[in-house]
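Participant: Quick one, fold the following:
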Amino acid sequence: MGDDHMTNHTIGVTGATGAVGGRVAARIARLGRAQRLIVRDLNRAPDHPGSTAAMAAYEDTANFARACRGVDTLFLVSATESEDRIDAHLSAVDAAVAAGVSRIVYLSFLQAGPASTFTFARTHFFTEAHIRSTGVRYTFLRPSLYLDLLPHWVDEGGVVRGPAGEGRVAWVARDDIADVVAAVLTDPALAAAAENATYDVTGPEALSLGATVERLSALTGRTIRYVPETREEALVSRKATGAPEWEIEGWVSSYEAIAAGELDEVAATVQKVTGHPARSIEGFLRRHPSALSHVSV
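Facilitator: Numbers count the residues shown, from 1 in each chain. Down below sits the predicted model:
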């Protein structure tokens with residue numbers, strides 16, 4: 001799939017049909033750079049000028065290696081959360097290295113660590129450690145919680161529930177993350193500065209959930225409230241979704257990570273790398289005025 005168009009300067013972009021990878025692919029295309037879009041469904045691959053596409057799943061080592069053949073720098077988006085996500089990540093990394101990829105830009109998570117309160121962040125830590133162990137050049141980008149997903153934290157009654165306490169989080173927009181990724185992938189000076197480095201990527205200010213909902217209420221005219229829960233209450237309240245226990249634990253632990261202060265971080269990465277300030281909640285809602293249209297109060 002596109003073998004004839006491979007060059008030593010091709011950028012590989014995973015998740016090109018997704019929310020972040022798709023944004024990154026579009027930005028690289030606008031810059032006129034050659035890229036290989038690595039997707040699970042070839043029929044959904046974007047048709048960008050200067051791009052080729054290859055179909056491969058992370059866990060399919062042989063096909064993923066073939067998809068990466070001729071790729072110099074690989075942007076690796078984390079896989080959808082699952083019980084075996086770490087295995088999928090390690091398989092993709094090994095396949096990419098075997099194919100000759102010399103640099104991996106990995107989309108990780110803020111405060112990724114082996115004992116992170118947010119359980120999904122632990123997978124990112126072990127993926128980072130494995131990438132380091134291969135000897136390839138790397139850049140780890142660690143975004144905070146997505147501002148784009150904040151509206152989904154609000155139920156139809158205008159309530160955000162969870163054990164976040166008074167902890168704070170600097171919500172970051174996907175567009176800002178994509179701007180940072182595209183710059184690190186395509187700007188030689190930035191690539192050199194970011195070699196074997198880790199960058200936190202956050203919004204412009206850290207807010208508690210109480211302060212967040214106050215801001216949302218003032219901006220939308222809807223009544224939005226934060227209702228604190230205990231861990232036990234949060235686990236019980238989410239069982240009705242029918243989601244597996246590991247997934248519910250992940251959801252609840254994201255609130256607990258806020259309470260623990262692990263996401264109380266404001267980084268200047270967006271401004272420094274892109275030249276524009278990180279998007280605020282106000283700026284996001286201006287661009288997405290219907291983001292809270294599901295709230296009925």
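
Participant: Not counting sequence-adjacent ones, nearest residue to the spatially most central residue of the chain?
Facilitator: Residue closest to the average C-alpha location in the chain (Cα atoms, centre = their mean): Leu107, at 5.7 Å. Nearest residue to Leu107, sequence neighbours excluded (Cβ to Cβ, 6 or more residues apart in numbering): Val77, at 5.1 Å. Every C-beta, even on glycine, is put in place using the N, C-alpha and C of the backbone.

Participant: swap in Leu185?
Facilitator: That would be Ile11: by Cβ to Cβ, 6+ apart, it lies 5.4 Å from Leu185.

Participant: With Arg44 instead?
Facilitator: Arg44's closest residue in space is Thr17 (Cβ to Cβ, 6+ apart), at 4.5 Å.

Participant: That neighbour: neighbour count?
Facilitator: Thr17 has 18 neighbouring residues, counting by other Cβ atoms under 10 Å.

Participant: Please apply the same query to Arg222.
Facilitator: Neighbour tally, Arg222, other Cβ under 10 Å: 17.

Participant: Correct me if wrong: it contacts Ser290.
Facilitator: No: when contacts are counted by Cβ atoms under 8 Å, Arg222 is not listed as touching Ser290 (11.9 Å).

Participant: returning to that earlier point: let me know the pLDDT of the residue nearest to Arg44.
Facilitator: Thr17 is assigned 96 on the pLDDT scale.

Participant: ok, now Glu81?
Facilitator: 89.

Participant: Doesn't it lie inside a helix?
Facilitator: No: Glu81 is assigned coil when assessed by DSSP: H, G, I helix; E, B strand; the rest coil, not a helix.

Participant: give me the element the closest residue to it other than its chain neighbours is part of.
Facilitator: Using Cβ to Cβ, 6+ apart and skipping residues adjacent in sequence, the residue nearest Glu81 is Phe120, 5.6 Å away. Following DSSP states H and E, one finds Phe120 within helix 119-134.

Participant: And that helix, what's buried?
Facilitator: Buried residues in helix 119-134, counted by 16 or more other Cβ atoms under 10 Å: 119-128, 130-131.

Participant: Tell me which residues are up against that helix.
Facilitator: 78, 81, 85-86, 89-90, 93-94, 97, 104, 106, 108-116, 138, 140, 142, 198, 246, 249-250, 253-254, 257 (Cβ atoms under 8 Å, 6 or more residues apart in numbering).

Participant: ok, back up a step: which strand residues bridge the residue nearest to the centre of the chain?
Facilitator: Leu141 (DSSP bridges).

Participant: Distance of it relative to Arg27?
Facilitator: 14 Å (Cβ to Cβ, to the nearest Å).

Participant: Same check on Val213?
Facilitator: 32 Å.

Participant: before we move on, what about Arg286?
Facilitator: Arg286 is 21 Å from Arg27, by Cβ to Cβ.

Participant: Repeat that for Gly50.
Facilitator: Distance from Gly50 to Arg27, by Cβ to Cβ: 12 Å.

Participant: again with Arg222
Facilitator: Taken as Cβ to Cβ, the span from Arg222 to Arg27 is 33 Å.

Participant: three-state assignment of Arg36?
Facilitator: Recorded secondary structure, Arg36: strand (three-state DSSP).

Participant: Gly113: neighbouring residues, count only.
Facilitator: 15.

Participant: try Val227
Facilitator: With other Cβ under 10 Å as criterion, Val227 counts 13.

Participant: Tell me which other helices or strands the helix or strand containing Val236 touches.
Facilitator: Here Val236 sits within helix 231-239, counting by DSSP H and E. Counting by 3 or more Cβ pairs under 8 Å, 6 or more residues apart in numbering; DSSP states H and E, the packing neighbours recorded for helix 231-239 are strand 159-162, helix 245-259.

Participant: next SSE after the shortest one?
Facilitator: Note on strand 159-162: by DSSP H and E, the next helix or strand toward the C-terminus is strand 168-169.

Participant: ok, back up a step: tell me which of the buried residues of helix 119-134 is nearest to Glu166?
Facilitator: Ala121 (20.6 Å; Cβ to Cβ).

Participant: do you know how far the closest one is from Leu90?
Facilitator: 17 Å.

Participant: what are the pairing partners of the host helix or strand of the residue nearest to Leu185, and which direction each?
Facilitator: Assigned by DSSP H and E, Ile11 belongs to strand 10-14. Sheet pairing for strand 10-14, assigned by DSSP bridges, gives strand 35-39 (parallel), strand 71-76 (parallel).
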